[in-house]
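In: Output the structure for:
(2 chains)
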Amino acid sequence: MTLSTSILLIIALAPLAGCLLAGFLGKAIGRAGAHGATILGVAVSCALSFWVLYQLVWGGAPVYNQNVYTWFEIGRFSASVGFLVDRLTAMMMVVVTFVSLLVHVYTIGYMADDDGYQRFFSYISLFTFSMLMLVMSNNFMQLFFGWEAVGLVSYLLIGFWYKRPTAIFANLKAFLVNRVGDFGFLLGIAAVLYFLGTLDYGTAFASAGSLVGRTLQVTQNTHWDAATVICVLLFIGAMGKSAQVPLHVWLPDSMEGPTPISALIHAATMVTAGIFMVARMSPLYELSDGALSFVMVIGATGALFTGLIGIVQNDIKRVVAYSTLSQLGYMTVALGVSAYAGAVFHLMTHAFFKALLFLGAGSVIIAMHHEQDMRYMGGLRKYMPVTWITMWIGSLALVAIPFTSGFYSKDAIIEAVGASHRWGSGYAYFCVLAGAFVTALYTFRQMYLTFHGKERFVVVHDHGHGRHAHDHAHGHAAAHGHGGADAAVSPEEHPSDEPGHGEPGVLHHPPKESPWVVTLPLVLLAIPSLLVGFLTVGPVLFGGWFGQAVRVEEANDVLGELAREFHGATAMALHGFWSLPFGLVVLAFAITTYIYLFNPALAGRIKRALKPLYVVLDRKYWFDTVYFAVFARGGVALGRALWKGGDAAVIDGALVNGSAGLVERIAAGMRRLQSGYLYHYAVAMILGLVLLLGGYWLIGQNGQ
Amino acid sequence: MFNHLLSLLIWLPIVGAVPVLLAGSGRPNLARWLSLAVAVLTFAVSLFLLPQFDAGDSAMQLVESHVWIASLGVHYGLGVDGISVALILLTTFVGILVIVGAWEVIQDKPHQYMAAMLVLEGLMIGVFCATDALLFYVFFEAMLIPMFILIGIWGGPRRVYATLKFFIYTFFGSIFMLVGLIYLYLKAGTFDLHALAALPLTLREQSWLFFAFLIAFAVKVPMVPVHTWLPDAHVEAPTGGSVVLAAVMLKIGGYGFLRFSLPIVPDASEQFAWLIIVLSLVAVVYIGYVALVQEDMKKLVAYSSVAHMGFVTLGIFIGFLLVRGAGNADAAKLGMQGAMVQMISHGFVSGAMFSCIGVMYDRLHTRLIKDYGGVINVMPWFGFFYVLFAMANCGLPGTSGFVGEFMVILASFSANPWIALFAAFTLIIGAAYTLWMVKRVLWGDVTNPHVAEMKDINGRETFVLLAFAAAVVALGVWPQPLVHLMDGAVGQLVQQLGVHKI
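Out: Residues are numbered from 1 along each chain as shown, chains lettered A, B, ... in the order given. Predicted coordinates:
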């Protein structure tokens, strides 16, 4: 049994076909046509992805690695478009297409009243195509193509509601911050080509060993280790795409996009591209302890400190967004301790439960008529039971309750960090442990604020306003829960509040459970959120399931160490009940339960007591403020100075027009000599004669 | 076999301009259709280059040579290699689009406008075909005249300043080249470029000649600091003038380096390669920042052209570091190919960007960014093209803008990682100035009531933008055909990089 090129091509191109149909013929085929075409494309892609996974895992198919066509060939260098499909890729394909399919279905409900319905379907199918090109690539050029293409779609989707000033600010910011990462990424690719002479994965990994001992000369006397340079540069790309500190600032703002996108792109798939990339490059990373330490410290910092911000957020989507940042940090830490399989495993489980949490949040937002501020929710559990239960399942997975899928992946990461001896692992271990507590704090707080406690909204029966309650494209949601920092970041960007939406917490209809197209994806995501970890932890994490796709040096193999103590998924979960992380979760559960169910006033008192800390978190450590002042305003000021000073003053002013002016002045002087008046010339002649004769006379005098 | 294909290509549009002129202002539609017919015919003829041309052969092909001025030994010598063929195809392709683009936009003396465009097209093809230095010089200078007329007559309010600046700047530059060519003629007794390439020259002679050529071509490219004519010329030029200027005329500067500097003065070129590299990087970084703060869309795109053309000169001149320094001829080829692909790609992308700005200008009669905002609301199809070309301008993979930059950055890392670092900065700054403009022009709500009245693109405009889009995407998705076409010529150039004259 072997994988066929045509099937792989269909997997990649079917969503593209759907995208083109919905995008260019959207008017002609209508709404149903648009979602029909795109869902069909992604469904085909998803089914075939499962088939590919089946063939690889149970059918005994060998790894597929072939080029489809030559992109360029210059001398000994060439770049191709081609596919490398091993278990790592196949797993990513399944995750991407499965979540994408559910998000497509969900979108039918979520975007039902939006004018940009067809456009939205076109974009998410384009995203699926781009992401598949990224994960299926067998070379660095195509990787970069997919990498930037998903960035483009992210840009388009964050700015989907392009009338909102906040949305078009956020999408520009996201693109530019990602470009900072891509800047490093491209240099990393250039370094790979320089040292290994190829852009092809297979060839590059095969000769990775030749990097040992080679250096890059950066100044006369400074030489850097080749593998470290390559890996750090590539990881800078991952820091942009996977929103690692300090390039994480774009991800919370990306919540300006419609919720299905937050689930698909900014939680489940695109932001994990960096994690996937590092795992894919494990043959290179294994050569550099320095680079891995760097990866680990960055990841650990993100895991703890971005999670802390999540505690003070009031926007339901932003809590999930900061949670995503924190969980991406966990994956990155796992990469940093060489637990690549652990990172990818957490990537998979996280894709399910985080997509579930986002889509659940979206369901709440629909029910609340596009109110996103949790301070105006509460007690929603009786209005929307399916959303409530499925979100609890997602939350339990997120906080890593034993037996849920999140437990297997996250606990393994924490254990792996504990077992690692790499430089910085002590700090990382502290961060991931404290992060577990923080995760539980913001998660339970979010659940209580949303679904439990008193209702903090009022329902006013007012039948005249039915129309705009469903209008998605208003700037209303952006108005709350932003914190003061955003206003400081973008003073010229004020959300345009429409009249009639200025009263938070006032609904015109009571909240109700969302339609089946919305709840079905929730249920279908809740199942893997609960079960997939239990079912797959043995082989995937401890069984060397990825085979040759992930390479770990003997000395770094922390997962191998843990595997010796692994006696099945049930034993691991039972053991988990007696572990420190679970204790921290229970503690967080007790604290949040007491505060939000029994003593709501306490939250405000704590906030006042810890005012300085609250401000630090509310302002998100001032990253945005500083970046905006230095890079955005600073860049514009520098540009203006260079333009006015360099181009206008020096080059044009002094040189170009200056020399023109000089010629003019000389000419004006010359012109005065040629006045045309005879007497001027006569005087000049006489003067000249006198001077000449006088001169001769003087010379004659001296000569004698 | 018919062996005057190149002559036909040069003279067809120039002679074709005569009936267009004769149609007179009384029959504008006749003039339009005639000029379109000539442009399409020229494009069709240029397509015959492809089957006739052998990409594997690095020598000049389709050669024509006739004695022109016998007493001076000047020949009417024509010939093409892969690079010329690519540039000629670009010229004839753009030639059609500027005629269509000007269709009802130019109401004042359309016959003269069209005729000037056709003459310009013929002269530019002549530049790309000439194998005799004096013939090259004649085409190179003659080209200024129709462009001078185009800006001077159909230009904006400050057209007189702009045309004079444009003319004097470029003329100033080319005078030095003429002096250099006369010197070479006195030494070699011929203007034949092939013979001049074989002429032995001391380093001192080469250095003088290098700077003579540099001034001429640096102005044309344009390189910092002699770029300031370009924003002014673009702002005042009619849309078609801008398109031709950006898409084709700037390429003649880059082409000049390949035909003159590299083969005739290779050692001086190596000696001063660092200067060109530094100026190219300055173009990327400094001009990037300057572009960021432009308030006029045309100026912004003009500055972005300067930054993008920096990759052309960078890709050409890092070859010296790679071949002579590191002995890495393949990386040099990669850089050189990148430079060439960048030339072609920039032809499409900048032409498309200027066409887009023209589309908006025709509706609102302003090019200031602040006068727009929310254009996507009223012009969704236009918005699609605008975003596509903006992304190509930021070098997004899958568009042509990526290919050349990618190759040049990869190659320059092999020469020196610091060069690659500065070059790659374009990823950030290029996206910043392009997408910030997109944000302010396209996205947002409509605030200017005049924007609300803008109509989406019509069939004619769609045709132009679609043609550009097809080229941008095709080259981005599959650059190998273009790379293959130029492979022999690039190989030849890189081989010459390693040949010392002293």
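In: burial measure for residue 74, as a count.
Out: All of this refers to chain A. A total of 26 residues lie near A:Ile74 under the criterion other C-beta atoms under 10 Å in any protein chain shown. In short, each C-beta sits where N, CA and C put it, glycine included.
In: Correction: the question concerned chain B.
Out: Residues lying near B:Val74 (other C-beta under 10 Å) number 19.
In: For it, name its beta-bridge partners.
Out: The partner list for B:Val74 in beta bridges (DSSP bridges) reads B:Ile69.
In: and it, what pLDDT?
Out: Per-residue confidence (pLDDT) for B:Val74: 87.
In: Touching, it and B:Thr131? I think so.
Out: No: at 11.8 Å, B:Val74 does not count as touching B:Thr131 under the criterion of C-beta atoms under 8 Å.
In: Excluding chain neighbours, what is closest to whatever residue of chain B ends up closest to chain A?
Out: Closest contact between chain B and chain A, by C-beta to the nearest C-beta, is at B:Asp330 (3.1 Å). Computed as C-beta to C-beta, 6 or more residues apart in numbering or on different chains, the closest residue to B:Asp330 that is not its neighbour in sequence is A:Gly75, at 3.1 Å.
In: Quick check: the residue of the stretch 1-150 of chain A found nearest chain B vs B:Gly335, distance?
Out: Sorted by distance to chain B under C-beta to the nearest C-beta, the residues of the stretch 1-150 of chain A start with A:Gly75, at 3.1 Å. Summarising the geometry, the distance separating A:Gly75 from B:Gly335, computed by C-beta to C-beta, to the nearest Å, is 11 Å.
In: ditto for A:Arg672
Out: The span separating A:Arg672 from B:Gly335 equals 56 Å under the rule C-beta to C-beta.
In: One more: A:Ile666?
Out: In this structure, A:Ile666 and B:Gly335 are separated by 45 Å, where distance is defined by C-beta to C-beta.
In: Ok, B:Ala415 next?
Out: With the distance defined as C-beta to C-beta, B:Ala415 ends up 8 Å from B:Gly335.
In: Can you work out which residues contact both of those two?
Out: Contact criterion C-beta atoms under 8 Å, 6 or more residues apart in numbering or on different chains; residues bridging B:Ala415 and B:Gly335 by contacting each: B:318, B:322.
In: Between A:Gly75 and B:Gly335, which has more neighbouring residues?
Out: The residue with the greater number of neighbours, taking A:Gly75 and B:Gly335 and applying other C-beta under 10 Å, is B:Gly335; the counts read 33 against 17.
In: Tell me which residues touch that one, please.
Out: B:Gly335 makes contacts with B:314-316, B:318-319, B:322, B:407-408, B:411-412, B:415, as judged by C-beta under 8 Å, 6+ apart.
In: Which one of those is nearest to A:Met685?
Out: B:Ile316 (59.1 Å; C-beta to C-beta).
In: From A:Gly394, how far out is the residue lying closest to A:Ile389 once chain neighbours are set aside?
Out: For A:Ile389, ignoring the flanking residues on the chain, the nearest one in space by C-beta to C-beta, 6+ apart is A:Ala526 at 7.8 Å. For A:Ala526, the distance to A:Gly394 (C-beta to C-beta) stands at 7 Å.
In: residues bridging contact with the two, i.e. touching both?
Out: Once C-beta under 8 Å, 6+ apart is applied, the residues that A:Ala526 and A:Gly394 both contact turn out to be A:Leu356.
In: Comparing the two, which residue is more hemmed in?
Out: Regarding A:Ala526 and A:Gly394, a neighbour count based on other C-beta under 10 Å identifies A:Gly394 as having more, with 30 against 22.
In: Contacts only, for the most far-flung residue of chain B relative to its centre.
Out: Summary for chain B: using C-alpha atoms, centre = their mean, the residue whose C-alpha lies farthest from the chain's mean C-alpha position is B:Pro449, with a distance of 37.0 Å. Contacts here follow C-beta under 8 Å, 6+ apart; on that basis B:Pro449 touches nothing.
In: so how far is B:Ile168 from it?
Out: 42 Å.
In: repeat for A:Met141
Out: A:Met141 is 44 Å from B:Ile168, where distance means C-beta to C-beta.
In: Neighbour count for the two, which is higher?
Out: Counting neighbours by other C-beta under 10 Å for A:Met141 and for B:Ile168 shows that A:Met141 has the greater number, 23 against 14.
In: Is the helix or strand encompassing that one positioned near chain B?
Out: Remark: A:Met141 resides in helix A:140-158, with elements defined by DSSP states H and E. Yes: against chain B, helix A:140-158 shows contacts by C-beta under 8 Å from any C-beta of the partner chain at A:141, A:144-145, A:147-149, A:152, A:155-156.
In: What about the contacts of B:Gly335, which are in helices?
Out: Secondary structure defined by DSSP state H assigns B:314-316, B:318-319, B:407-408, B:411-412, B:415 of the contacts of B:Gly335 to helices.
In: If we check chain A, which of the residues you listed are in contact?
Out: Filtering the ones in helices among the contacts of B:Gly335 for neighbours of chain A using C-beta under 8 Å from any C-beta leaves B:407, B:412.
In: quick one, longest strand in chain A?
Out: Ranked by number of residues, the top strand in chain A under DSSP state E is strand A:64-74.
In: helices and strands around whatever helix or strand comes next after it, which ones?
Out: Next helix or strand after strand A:64-74 toward the C-terminus (DSSP H and E): strand A:77-85. Packing partners of strand A:77-85 (3 or more C-beta pairs under 8 Å, 6 or more residues apart in numbering or on different chains; DSSP states H and E): helix A:5-24, strand A:64-74, helix A:117-136, helix A:140-158, helix B:329-364.
In: Turn the residues of helix A:140-158 next to chain B into CSV, including pLDDT and distance to B:His346.
Out: Formatted as CSV, the entries for the residues of helix A:140-158 next to chain B read as follows, by pLDDT from 0 to 100; distance: C-beta to C-beta, whole Å:
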residue, pLDDT, distance to B:His346
A:Met141, 95, 20
A:Phe144, 95, 20
A:Phe145, 95, 20
A:Trp147, 94, 23
A:Glu148, 94, 19
A:Ala149, 94, 21
A:Leu152, 95, 20
A:Tyr155, 94, 23
A:Leu156, 94, 24
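In: can you pull out the strands in the stretch 301-450 of chain A?
Out: Counting by DSSP state E, counting those that start in this stretch, the stretch 301-450 of chain A has no strands at all.
In: For chain B, what is the nearest residue in it?
Out: Closest to chain B within the stretch 301-450 of chain A is A:His370: 18.0 Å, counting by C-beta to the nearest C-beta.
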